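> build me a model:
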Amino acid sequence: MQVFESREYWVGLIRMSLSRFFVFHVLYSGPLHGYEITRRVASLTGGCCAPTEGTIYPILRELEDGGYVTVEIQATGARERKVYTLTARGREAYHMAAACWREAAGYVLQVAGKGHDRSRKGGVGTCLS
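Model (predicted):
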């Protein structure tokens, strides 16, 4: 079954890819716990690329396993929470990701408007909203 004409397919693909980038981005500004990472990504992207609870923790586990973040347990009252900090490797990865996304975004913006029927539902600029 082809899913390429499905809006949900493309939105999901974009969100999955960009969520990881934006997690790196918000951690670049300083250490954060999972909920705050999600909240900041949602705020930064108008909600379009905010990872859900089901996606943020696998991403953070992947980053921890790869040595891109360190984790510190902090007690807040009766609860504990994990605070994530980018390592030098994580900061280097963020710089590479930012460069690659800048390059790719430029090409996408160049071609996305060419020949596109803007009268169609879900046209350019409305895909993620």
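
> and C49, how many neighbours?
Residue neighbour count, defined by other CB atoms under 10 Å, stands at 20 for C49. Placement of C-beta: from N, CA and C, glycine included.

> likewise A42?
Neighbourhood size, A42 [other CB under 10 Å]: 15.

> any weak-confidence spans in this protein?
Across the chain, the ranges flagged by pLDDT under 70 are 1, 115-129.

> surely W101 and F21 touch.
Yes: when contacts are counted by CB atoms under 8 Å, W101 is listed as touching F21 (5.9 Å).

> assign the residue nearest to the spatial centre of the chain to helix, strand or coil.
The centre of the chain sits closest to S19, judged by CA atoms, centre = their mean, with a distance of 1.5 Å. Here S19 is recorded as helix under DSSP: H, G, I helix; E, B strand; the rest coil.

> can you tell me the helix or strand for the residue nearest to it when sequence neighbours are not counted?
Distances taken as CB to CB, 6 or more residues apart in numbering put P51 closest to S19, at 4.2 Å, once the chain neighbours are dropped. Using DSSP states H and E, P51 maps to neither a helix nor a strand.

> now do the contacts for P51.
S19, F22, V23, I37, T38, V41, I59 (CB atoms under 8 Å, 6 or more residues apart in numbering).

> so which of these is the closest to L13?
Of all these, S19 has the smallest distance to L13: 11.0 Å, by CB to CB.

> and the helix or strand where A75 lies, what other elements does it pack with?
Element membership for A75 (DSSP H and E) is strand 69-76. Using 3 or more CB pairs under 8 Å, 6 or more residues apart in numbering; DSSP states H and E, the elements in contact with strand 69-76 are helix 53-65, strand 79-86.

> and it, which residues are buried?
V69 (16 or more other CB atoms under 10 Å).

> that'll do, ta.
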